[in-house]
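Enquirer: this one's structure only:
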């Protein structure tokens, strides 16, 4: 993935986003698609290991996992539906609603961060369900602190061998690899930028082949290193403009706009917690008028 100065690659998307209301599927990935899918970002959960009963007992490692939002809804007596909001499921993020009697504690879902592994799964559906162009454009918000403070992000080059990443694509000095490439650091300072309402982005050229391998993040120069997560693009689209995968730095879900065939293919994948939504659906916190009320009716929850 390489920075490009050709910000006109996103010009087709500007009127389609600008014409839509904010916090709607169309306002996130653009109007005019046949169908839209909302994918909820999974939440990280952990549980402390039981204490050792005696000095001979081995200390257990903490349990860690990822849960769908539906599990939080079940535990807090809420209902799942296409417009569900995390604030409602977690009682406005009250810690009591995120720590459970069986010892599990829940972190809030990550904003803007679907992740490279999930993206590779989406790419597999794109390959099966469309004739999409191989060339892909990715948009990264230019306001990430990591991109603006390159000198503070570095890693020992020895740790890269296990990742199978060629660090020559990054700047390496005296055995130290800078996680933000020089090209990205210069672009985030001087532009040019692709502009959508309220956001400025750097554009990168990539491909479906590259994005199908989750290791691409380590050679992209956007802050990723061994054991260290960097930033992640907010938007992806192909040269043919037939789909968009998108989110925002303040959103804990991802929207996919595309053909009905593509959307139903992804929707059928149980690895995603997803809902089909309409272009004008209100996905703001005020759009969830269901989850805020406890629902004790048997069978009211559904995926």
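Expert: Alright, I've got the coordinates. Fair warning: this is a prediction, and the values are worked out from it, not measured in the lab. Numbering: from 1, shown residues only.

Enquirer: what secondary structure does residue 122 sit in?
Expert: helix (DSSP: H, G, I helix; E, B strand; the rest coil).

Enquirer: Quick check: it touching residue 266?
Expert: Yes - under the criterion of Cβ atoms under 8 Å, residue 122 makes contact with residue 266 at 6.5 Å. (C-beta placed from N, C-alpha, C; glycine too.)

Enquirer: Give me the common contacts of the two.
Expert: Both residue 122 and residue 266 are in contact with residue 256, where contact means Cβ atoms under 8 Å, 6 or more residues apart in numbering.

Enquirer: Where does pLDDT dip in the stretch 201-303 of the chain?
Expert: Scanning the stretch 201-303 of the chain for pLDDT under 70 picks out 291-303.

Enquirer: need the helices for the stretch 151-300 of the chain, in chain order.
Expert: For the stretch 151-300 of the chain, the helices defined by DSSP state H, counting those that start in this stretch occupy 182-190, 208-211, 216-219, 260-267.

Enquirer: and the longest strand belonging to the chain, what does it pack onto?
Expert: Criterion DSSP state E: the longest strand present in the chain is strand 199-207. Applying 3 or more Cβ pairs under 8 Å, 6 or more residues apart in numbering; DSSP states H and E, we find strand 199-207 packed against strand 2-4, strand 135-141, helix 182-190, strand 194-196.

Enquirer: quick one, it and helix 182-190 angle?
Expert: Here strand 199-207 points in a direction 150 degrees away from that of helix 182-190 (axes from the mean of the first three to the mean of the last three Cα atoms, to 10 degrees).

Enquirer: Okay, now the sheet partners of strand 199-207, with direction.
Expert: Paired strands of strand 199-207, with direction, are strand 2-4 (antiparallel), strand 135-141 (antiparallel), strand 194-196 (antiparallel) (DSSP bridges).

Enquirer: which residues sit against it?
Expert: Contacts of strand 199-207 (Cβ under 8 Å, 6+ apart): 1-4, 6-7, 9-10, 134-143, 147, 184, 187-188, 191, 193-195, 216, 220, 233-236, 248-249.

Enquirer: picking that back up, most neighbours per residue, which of the helices and strands packed on strand 199-207?
Expert: strand 135-141 (a mean of 23; mean count of other Cβ atoms under 10 Å).

Enquirer: Compare the helices of the stretch 151-300 of the chain and report which one is nearest to residue 240.
Expert: helix 208-211 (11.5 Å; Cβ to Cβ).

Enquirer: Could you give me the buried positions within the closest one?
Expert: 208, 210-211 (16 or more other Cβ atoms under 10 Å).

Enquirer: Could you save those as TSV and add columns showing distance to residue 21?
Expert: What follows is these, written out as TSV (distance: Cβ to Cβ, whole Å):
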residue	distance to residue 21
208	31
210	33
211	29
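
Enquirer: Between the residues you listed, which sits nearest residue 273?
Expert: Nearest to residue 273 among the buried residues of helix 208-211, with distances taken as Cβ to Cβ, is residue 211, at 21.0 Å.

Enquirer: residue contacts, the nearest residue to the closest one once chain neighbours are set aside?
Expert: Distances taken as Cβ to Cβ, 6 or more residues apart in numbering put residue 123 closest to residue 211, at 5.2 Å, once the chain neighbours are dropped. Counting by Cβ under 8 Å, 6+ apart, residue 123 touches 208, 211-212.

Enquirer: The helix or strand hosting residue 44 pairs with which strands, and in what direction?
Expert: Here residue 44 sits within strand 43-47, counting by DSSP states H and E. According to DSSP bridges, strand 43-47 forms sheet pairs with strand 63-67 (antiparallel), strand 104-106 (antiparallel).

Enquirer: Could you identify the helix or strand that succeeds the first one?
Expert: Downstream of strand 63-67, the next assigned helix or strand under DSSP H and E is helix 69-76.

Enquirer: per-residue confidence averaged over that next one?
Expert: For helix 69-76, mean pLDDT is 94.

Enquirer: Tell me which other helices or strands it touches.
Expert: Counting contacts by 3+ Cβ pairs under 8 Å, 6+ apart, helix 69-76 packs against helix 86-89.

Enquirer: What is the helix it packs on packed up against?
Expert: Using 3+ Cβ pairs under 8 Å, 6+ apart: helix 86-89 touches helix 69-76.

Enquirer: how far is the helix it packs on from where the chain is centred?
Expert: Relative to its chain's centre, helix 69-76 lies at 21 Å (Cα atoms, centre = their mean, to the nearest Å).

Enquirer: pLDDT score assigned to residue 44?
Expert: Reported pLDDT for residue 44: 93.

Enquirer: and the gap between it and residue 106?
Expert: Going from residue 44 to residue 106 by Cβ to Cβ, to the nearest Å gives 8 Å.

Enquirer: Among the two, which residue is more densely surrounded?
Expert: Counted by other Cβ atoms under 10 Å, residue 44 and residue 106 do not tie: residue 106 has more neighbours, with 22 against 15.

Enquirer: Please consider this matter closed, and thank you.
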